[in-house]
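Participant: Got a predicted structure here, sequence first:
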Amino acid sequence: MSIPIIELEHVSLGWRGKTALRDVSLQFHQGGLYAIVGPNGAGKSTLLKALTTEIAPLQGQVRLGFNLQKDLAFLPQQADMDRSFPITVYDLVAMGAWPRIGAWRKVDSAEHKRIQHALEKVGLSGFAARRIHTLSGGQFQRALFARMILQEAGVILLDEPFAAVDSDTTQALLALILEWHEQGRTVIAVLHEMEMVQKHFPQCVLLGGQLIAQGLSTEILTPENLHLARHLCAGDF
Ligand SMILES: Nc1ncnc2c1ncn2[C@@H]1O[C@H](COP(=O)(O)OP(=O)(O)OP(=O)(O)O)[C@@H](O)[C@H]1O
């Protein structure tokens, strides 16, 4: 875990000229399993959007040591996703292969097998022909994880992957995240589930409109640090 794959140097981020996250310097290392935590409005999603380059820093530098097109998988918050378009679960999952096979090319039999395997893995074997707007929130999240299986990205960014999913789905998706980590991928997830962070996410970044602490989850999630984060951005976890 020694090569920094993402580096932020004195980065400030914001929206319409208003700063949401001030002067953050930190590194994410290749193969690390990171949780980003903090109260509502702390700047967690804003940070992820800077890592995808959806937003540019107001100040400072973000350095990415991977290929954005081929090696990044990003799961936005479900609330930010439009799923009214009439595609099937199969097509959604197949999109994960696009960086490899090219958009709109028909999948070959090897890709077809991989799609079926991914659907099995997330417990959606019988759902291939379903239109995505007919899925529950948890089923849709499972389908998005199946798409990420197809992507085979080295860097995986997840924004609140367990929001609005039941405990069975949470366990299934957590198992996949842990598997990706074991395979040596870098996983960075915005999470509100503090017990899960303490138990399963070795590394943690605590935000509160600025960087409050970064390091081992077991060490930095102290009552004092959590209080400071709450105090600085007047939000709740
Ligand atoms: N698209 C946007 N346009 C304008 N302001 C935004 C936008 N997205 C976020 N903000 C503002 O940036 C600040 C940080 O928001 P962000 O969504 O990053 O917080 P968060 O830590 O992810 O919170 P939550 O846990 O509630 O999702 C907030 O003040 C928010 O209002």
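Facilitator: Perfect, I can see it now.

Participant: in the chain, what spans have low per-residue confidence?
Facilitator: 1-2, 103-104 (pLDDT under 70).

Participant: ranges for the helices of it?
Facilitator: 44-51, 68-71, 89-94, 98-101, 109-121, 137-151, 167-182, 194-200, 217-220, 223-233 (DSSP state H).

Participant: Same list (those) but as TSV, adding distance to the ligand.
Facilitator: C-beta: built from backbone N, CA, C; applies to glycine. Output for the helices of the chain, formatted as TSV (distance: least, CB to the nearest ligand atom, whole Å):
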stretch	distance to the ligand
helix 44-51	3
helix 68-71	20
helix 89-94	24
helix 98-101	26
helix 109-121	28
helix 137-151	16
helix 167-182	17
helix 194-200	13
helix 217-220	17
helix 223-233	8
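
Participant: Of all those, which one is nearest W15?
Facilitator: Proximity to W15 (CB to CB) singles out helix 44-51 among these, at 7.4 Å.

Participant: Now the most centrally placed residue in the chain: closest residue in space that isn't a chain neighbour?
Facilitator: Centroid-nearest residue in the chain, with CA atoms, centre = their mean: L158, separated by 1.0 Å. Of all residues beyond its chain neighbours, the one nearest L158 is A189 (4.1 Å), with distances taken as CB to CB, 6 or more residues apart in numbering.

Participant: Could you verify my assumption that that neighbour touches A35?
Facilitator: Yes. With contact defined as CB atoms under 8 Å, A189 reaches A35; the gap is 5.8 Å.

Participant: Could you report the neighbour count for Q210?
Facilitator: Q210 is flanked by 18 other residues according to other CB atoms under 10 Å.

Participant: Next, count neighbours for the spatially closest residue to it that is not a sequence neighbour.
Facilitator: Ranked by CB to CB, 6+ apart and with sequence neighbours excluded, the top spatial neighbour of Q210 is R22, at 4.7 Å. As a burial measure, R22 scores 18 neighbours (other CB under 10 Å).

Participant: now F85
Facilitator: Around F85 there are 10 residues (other CB under 10 Å).

Participant: hang on, the earlier thing: now list whatever residues contact both of A189 and A35.
Facilitator: Residues touching both A189 and A35 (CB atoms under 8 Å, 6 or more residues apart in numbering): F201.

Participant: Just grab the bridge partners of L21 for me.
Facilitator: L13 (DSSP bridges).

Participant: dump the residue contacts of it.
Facilitator: By CB under 8 Å, 6+ apart, the neighbours of L21 are 11-14, 43, 46-47, 207, 209-210.

Participant: can you check R114 too?
Facilitator: R114 makes contact with 97, 149-150 under the criterion CB under 8 Å, 6+ apart.

Participant: try T169
Facilitator: T169 is in contact with 138, 141-142, 162, counting by CB under 8 Å, 6+ apart.

Participant: next one: V62
Facilitator: 6-8, 11, 50-51, 53.

Participant: nearest to the ligand, of those?
Facilitator: Lowest distance from the ligand to the contacts of V62 (CB to the nearest ligand atom) belongs to A50, with 9.7 Å.
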